[in-house]
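Visitor: got a sequence here, can you model it:
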Amino acid sequence: MPKFVVFLLLLFISVNLQAQTWELGGNVGAAGYMGDLNPNNPLKISGISLGGFVARNFDGYWSAKLKYTFGTIAGADSTSSNPQFRQRNLSFSTVLNELSLMGEFNLFKYIPEAGQNRFTPFIYVGIGIVGYNPKARYQGHDYDLRPLMTEGQSKPYSSAAISIPYGVGIKYNFSGKWNFIADIGYRHPTTDYLDDVSGVYPDRTKLPSDLSRALSDRSGENTGTYIGSPGSQRGDLRPKDTYMFINVGISFTFVTSKCYY
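Guide: Numbering: from 1, shown residues only. So this is what the prediction gives:
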């Protein structure tokens, strides 16, 4: 595990433990991504998300949340309305495994069961790490794209990236210490390879295998005409990809009124 994640975990659990101020929860929802195969639609859904978290509520406004989220995202040029994308004919899918530490701020003072407000909007921001492994289906089989170095990289790109999560949501105290939570959040990872697409087409003769060559330029699979001349644009040339989670879930807060008063 990366050293910075260990540091964040130790920082999180080193806070003075008071059982009444802790919160446990889980969520389900949808996942999406913006990148080289979806450059323009920030709300496009392409997969699912599942997650769980533990949070420390410091008062009615501020909390720190340690969260794990599993998600799936995908993209396919064949479904695009853009004829240039359909001609490019690339596709991918990947599983996301994200561990994040986030600070959360409630707009209204919110203390389940003990407080006056049963509802509050909230915002959050944090830092995390995300693991990813893009795959593509070719001739009936799924292949890992990272080791194929489809853009002529000197070595495979990393399978993990630092990620900056941020978002908004609502909380509703629907019964006792039980809460309903809904949120939407975006993540900016330090990679442009969630979809295995970033820059330009490589020199096919320098790729390591026939499979690398086949999955680097798939434009001729349907037409017989390949567009991937060396140095021509393969991706959207933006520096990073983005992904998002839309979640609904419930949580239980270990809190009594004397914790805050």
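Visitor: use CA for all of it now, contacts and neighbours both
Guide: OK.
Visitor: helices of the chain, start to end?
Guide: 3-13, 83-88, 210-216, 220-223 (DSSP state H).
Visitor: output the below-cut-off pLDDT ranges for the protein.
Guide: 1-20, 255-261 (pLDDT under 70).
Visitor: so where do the strands sit in it?
Guide: 22-34, 45-57, 62-76, 91-106, 119-131, 135-138, 141-144, 160-175, 178-189, 242-254 (DSSP state E).
Visitor: list the buried residues in stretch 154-161.
Guide: Within stretch 154-161, the residues that count as buried by 16 or more other C-alpha atoms under 10 Å are 160-161.
Visitor: what does stretch 106-119 give?
Guide: 106, 109-114, 118-119.
Visitor: can you give me how far that stretch is from the chain middle?
Guide: Computed by C-alpha atoms, centre = their mean, to the nearest Å, the chain-centroid distance of stretch 106-119 equals 29 Å.
Visitor: contact partners of it?
Guide: 59-62, 120-123, 170-179, 253, 255-257 (C-alpha atoms under 8 Å, 6 or more residues apart in numbering).
Visitor: 7 Å instead?
Guide: 60-62, 120-123, 171-173, 176-177, 253, 256-257 (C-alpha atoms under 7 Å, 6 or more residues apart in numbering).
Visitor: of those, keep whichever come out buried.
Guide: 60-62, 120-123, 171-173, 177, 253, 256.
Visitor: which one of those residues sits closest to residue 74?
Guide: When the buried ones among the contacts of stretch 106-119 are ranked by distance to residue 74 (C-alpha to C-alpha), residue 123 comes first, at 27.1 Å.
Visitor: so residue 29 is in contact with residue 45, correct?
Guide: No: counting by C-alpha atoms under 7 Å, residue 29 sits too far from residue 45 to count as a contact (10.1 Å).
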